[in-house]
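S.K.: sequence and predicted structure, then a few things I'm wondering about:
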Amino acid sequence: MAATSSKSSGGSGGKRRLVGAIDQGTTSTRFIVFDDEGAIVSVDQMEHEQITTTDGFVEHDAETIWKNTCTVIEGALRKEGISGDDIEAIGITNQRETVLIWDRVSGKPLYNAIVWMDSRGAPNCDAVAAKVGGVDGLRERTGLPLAPYFSASKLAWLLEHVEGVRAAVESGEAMAGTIDTWLVWKLTGGTDGGIHVTDVTNASRTLLMDLKTLAWDEELCRMFGLPAEAAGSLGTLPRICSSSEVYGHVATGALRGVAIAGILGDQQAALFGQACFREGQVKSTYGTGCFMLQNTGGTPVRSSHKLLTTVAYQLTGPGGERQPPVYALEGSVAQAGSVVQWLRDKMRLIEHASETEEAAASVADSGGLFLVPAFSGLLAPHWDATARGVLVGITAAASREHVIRAALESVCFQSAELLDCMERDSGLDPGATREGARGEVRVDGGMSANKLLLQMQADLFGCAVVRPQVIETTALGAAYAAGLAVGVWSGVEDLERQWGVGARVQPHSDKAQRAERMARWGRAVERSKGWTSEEARAARGVLAATRQAVQQAAGAVVEAAHARPAAVVGGVGLGIALALSAGALAAGIAIGRAWR
Ligand SMILES: Nc1ncnc2c1ncn2[C@@H]1O[C@H](COP(=O)(O)OP(=O)(O)O)[C@@H](O)[C@H]1O
Ligand SMILES: O=P(O)(O)OC[C@H](O)CO
């Protein structure tokens, strides 16, 4: 198919106008070409390795991500015979919070990118929390709790643990950024004049940006060990831009010369691609994790239920002037599609993700099983980095199908908790402002292909769940942001008209049933909480017992020295040494586990 063929559009004289989007997600990278009606013209996709360690660390190789980005761009263009010249602009959307530092001279990353779900920064967060009055001490300024999910503590970890990083930051040789920043820098030439920018939505996930001024906050930088100059114009941190403007042009490869004109963190991009432009509208994306965002308009709503306040998007006006930002409330769940991957790769209960639907539908319910997939802790609304997964309610009748159903339900229960909190915080009914569509949640992401999941979700939400015609909403949102900046679309009203219902699923549950099920889920969640801190406590117990044993043994040595020959004293000394090492080893293992 030729890129500029016959299909009519509202664009320029019947010729389709094309916009591209790089969607750099946690598990894969896609390049999608859209036409000016928001329809997909071509797609290419590549997965990348999840570099995991037994410490629970999760990293990505930033060079691989860059190479994959180039490959999928070329792949998508080739598949449909599209020339780079046919693309008017590209947008970038990315896994958020994931952060890396690279050398501005060599262009090489100084360490792998540390992925959003990696909680190695927990001790750094605790240290800052102790200074600012607890985990919510920075909420007013940043909209976020002090959690290792956000980029700041990951940067602090890099500064502390990776040789050369602190020196590079202090000498100005280091550049830092989230994945959008890395890709824009590489696309615009890298060491040969690459530009160092990010957008407000990504910056709002770092714990380093002031939510009202939309600028880096020097005091926050210092708290996480970054020199204040890091926020300066030639500093380590990128310049914060709006979500829709021409940042620069591609300097290399198949898209050489094309404007990079949109950047949005992937969940904000999905909100944008779902055309949730009105206050109250909610979207929920079911990818590796699950993220629910509600548009709260020009007001940053403070959550009383531990949700995040974040920037939804910021557009620019016709003269390039920045418009006021639009804010969102967000609930983030770390494990959603990843639970299905776990069923497939670790439990080996399925071979393909899609099998979950048939297996779960073959049983009437989960047989009383509740799976809480707190693999690396719990995010909203619990924020417990010490929680770990549990499967409760097991009886002799529990089967593979029950476990699979409980796994799908776990995603729906977590999302239902978020919607509950959101409505109470904002007082806004999801979808209330859209005529004829009261109370709906717009859904997307890989898992939304699962119809049973959608039904279970509608039943737990107690409102309709709507999947749009184009489910690649994340990439579409980035394409929209870029297309708005170069005039492919004239305003969000154009985009609102393009959004269409693909599937609408109505709830079949009443309030009492929902309340009863949510209460049981709540009990299961309580059982998962604090698991590693219990281990840490146990480890402290081992240490105390060891100390006591050593003190007693040392007392015995002193007594023996008075009464016995040297050989006996030597034997008791050896005993102390053995007691010490065994105790230290046991305590070390337990503490190690507790930090995971
Ligand atoms: N039919 C399905 N049922 C349940 N889960 C699914 C189904 N299809 C895909 N998934 C899950 O969806 C996830 C992929 O969704 P995607 O939106 O591509 O994720 P991401 O953007 O985070 O990379 C995977 O974790 C996969 O296990
Ligand atoms: O890559 P996804 O789609 O799982 O999204 C990751 C989120 O942006 C993390 O905050």
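M.R.: Structure received. Ligands and ions are numbered 1, 2, ... in the order given.
S.K.: pull out the buried positions in the strand or helix carrying Arg344.
M.R.: For Arg344, the host element (DSSP states H and E) is helix 337-345. Buried positions in helix 337-345, judged by neighbour count with 16 or more other Cβ atoms under 10 Å: Gly337, Ser338, Val339, Val340, Gln341, Trp342, Leu343, Arg344. In short, each C-beta sits where N, CA and C put it, glycine included.
S.K.: can you give me the buried ones in the next helix or strand after it?
M.R.: Using DSSP H and E, the next helix or strand after helix 337-345 towards the C-terminus is helix 355-361. By neighbour count on 16+ other Cβ under 10 Å, the buried set for helix 355-361 is Thr356, Glu357, Ala359, Ala360, Ala361.
S.K.: please name every helix or strand in contact with helix 355-361.
M.R.: Secondary-structure packing of helix 355-361 (3 or more Cβ pairs under 8 Å, 6 or more residues apart in numbering; DSSP states H and E): helix 400-426, helix 451-461.
S.K.: among the buried residues of helix 337-345, which ones lie close to ligand 1?
M.R.: Near ligand 1, judged by Cβ under 6 Å from any ligand atom, the entries from these are Gly337, Ser338, Val340, Gln341.
S.K.: would you confirm that the second one contacts Thr288?
M.R.: Looking back up the chat, that one is Ser338. Yes - the criterion here is Cβ atoms under 8 Å, and Ser338 meets it with Thr288 at 5.0 Å.
S.K.: between the buried residues of helix 337-345, which sits nearest ligand 1?
M.R.: Nearest to ligand 1 out of the buried residues of helix 337-345 is Gly337 (Cβ to the nearest ligand atom; 2.3 Å).
S.K.: so who does the closest one touch?
M.R.: Tyr286, Gly287, Thr288, Gly289, Ala353, Gly445, Gly446, Met447 (Cβ atoms under 8 Å, 6 or more residues apart in numbering).
S.K.: swap in Gly367?
M.R.: By Cβ under 8 Å, 6+ apart, the contact set of Gly367 is Gly393, Thr395, Ala397, Ala398, Ser399, His402, Arg405.
S.K.: now the angle from the helix holding Arg344 to helix 451-461?
M.R.: Using axes from the mean of the first three to the mean of the last three Cα atoms, to 10 degrees, the inter-axis angle of helix 337-345 relative to helix 451-461 is 140 degrees.
S.K.: give me the contact status of helix 337-345 with ligand 2.
M.R.: No - against ligand 2, helix 337-345 shows no contacts by Cβ under 6 Å from any ligand atom, the least distance being 7.4 Å.
S.K.: now the angle from that helix to helix 400-426?
M.R.: With the same axes, to 10 degrees defining the directions, helix 337-345 sits at 170 degrees from helix 400-426.
S.K.: distance between helix 337-345 and the chain's centre?
M.R.: Its chain's C-alpha centre and that of helix 337-345 lie 17 Å apart, by Cα atoms, centre = their mean, to the nearest Å.
S.K.: before we move on, what about stretch 208-225?
M.R.: In terms of Cα atoms, centre = their mean, the centre of stretch 208-225 is found 20 Å from the chain centre.
S.K.: surely Leu391 is in contact with Pro373?
M.R.: No - here Leu391 does not reach Pro373: they are 9.4 Å apart, not a contact under Cβ under 8 Å.
S.K.: more crowded one of the two?
M.R.: Pro373 (24 against 19; other Cβ atoms under 10 Å).
S.K.: measure that one to ligand 1 for me?
M.R.: Distance, Pro373 to ligand 1, by Cβ to the nearest ligand atom, to the nearest Å: 12 Å.
S.K.: Gly189 now?
M.R.: Gly189 sits 28 Å away from ligand 1, going by Cβ to the nearest ligand atom.
S.K.: what does this protein put close to ligand 2?
M.R.: So far as Cβ under 6 Å from any ligand atom goes, the chain lies against ligand 2 at 25-26, 95-97, 116, 265-267, 287-289, 332.
S.K.: just name the closest of those residues to Ser304, please.
M.R.: Nearest to Ser304 among the residues of the chain next to ligand 2: Ser332, at 17.0 Å, using Cβ to Cβ.
S.K.: which SS class is the closest one?
M.R.: Assigned by DSSP: H, G, I helix; E, B strand; the rest coil, the conformation of Ser332 is strand.
S.K.: partner residues bridging it?
M.R.: Per DSSP bridges, the residues bridged to Ser332 are Phe291.
S.K.: that one: neighbouring residues, count only.
M.R.: When neighbours are defined as other Cβ under 10 Å, Ser332 has 26 of them.
S.K.: just Ile82 next, same as before
M.R.: Look at Ile82: counted by other Cβ under 10 Å, it has 21 neighbours.
S.K.: out of the residues of the chain next to ligand 2, who has the most neighbours?
M.R.: Among the residues of the chain next to ligand 2, the one with the most neighbours (other Cβ under 10 Å) is Gly265, at 33 neighbours.
S.K.: put together JSON lines for the ones next to ligand 1 among the buried residues of helix 337-345, with pLDDT on each row.
M.R.: Output for these, formatted as JSON lines (pLDDT from 0 to 100):
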{"residue": "Gly337", "pLDDT": "94"}
{"residue": "Ser338", "pLDDT": "92"}
{"residue": "Val340", "pLDDT": "97"}
{"residue": "Gln341", "pLDDT": "93"}
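S.K.: list phi and psi for Val250.
M.R.: Dihedral pair for Val250: phi -70, psi 130, per degrees, to the nearest 10.
S.K.: thought Phe375 was touching Ala336?
M.R.: No - counting by Cβ under 8 Å, Phe375 does not reach Ala336; the two are 11.2 Å apart.
S.K.: neighbour count winner among the two?
M.R.: Ala336 (28 against 16).
S.K.: for the more buried one, which non-adjacent residue is closest in space?
M.R.: Leaving aside its sequence neighbours, Ala336 sits nearest to Cys290 (Cβ to Cβ, 6 or more residues apart in numbering; 3.7 Å).
S.K.: what's around that neighbour, how many residues?
M.R.: Neighbours around Cys290, by other Cβ under 10 Å: 27.
S.K.: and for Val162?
M.R.: 14.
S.K.: thought it was touching Ile114?
M.R.: No - the pair Val162 / Ile114 is not scored as a contact, 10.1 Å apart, by Cβ under 8 Å.
S.K.: quick one: contacts for the closest residue in space to Glu74 that isn't next to it in sequence?
M.R.: Excluding its sequence neighbours, the residue lying closest to Glu74 (Cβ to Cβ, 6+ apart) is Ala254, at 5.2 Å. By Cβ under 8 Å, 6+ apart, the residues touching Ala254 are Ile73, Glu74, Leu77, Gly84.
S.K.: give the contact list for the third one.
M.R.: Going by Cβ under 8 Å, 6+ apart, Leu77 touches Val33, Ser42, Ser83, Gly84, Ala254.
S.K.: next step: those residues restricted to strands.
M.R.: Counted as lying in strands by DSSP state E, out of the contacts of Leu77, are Val33, Ser42.
S.K.: and which of the buried residues of helix 337-345 is nearest Ala122?
M.R.: Nearest to Ala122 among these is Ser338, at 19.5 Å by Cβ to Cβ.
S.K.: for the chain, give me the ranges with low pLDDT.
M.R.: Residues of the chain meeting the criterion pLDDT under 70: 1-14, 228-234, 429-438, 534-596.
S.K.: try it again at 80.
M.R.: For the chain, applying pLDDT under 80 flags the ranges 1-15, 53-56, 227-234, 318, 426-438, 533-596.
S.K.: ok, which pair from the contacts of Gly337 is furthest apart?
M.R.: Gly289 and Ala353 (14.9 Å).
S.K.: which bits of the stretch 201-350 of the chain sit near ligand 1?
M.R.: Applying Cβ under 6 Å from any ligand atom, we find that the stretch 201-350 of the chain lies next to ligand 1 at Gly287, Thr288, Gly337, Ser338, Val340, Gln341.
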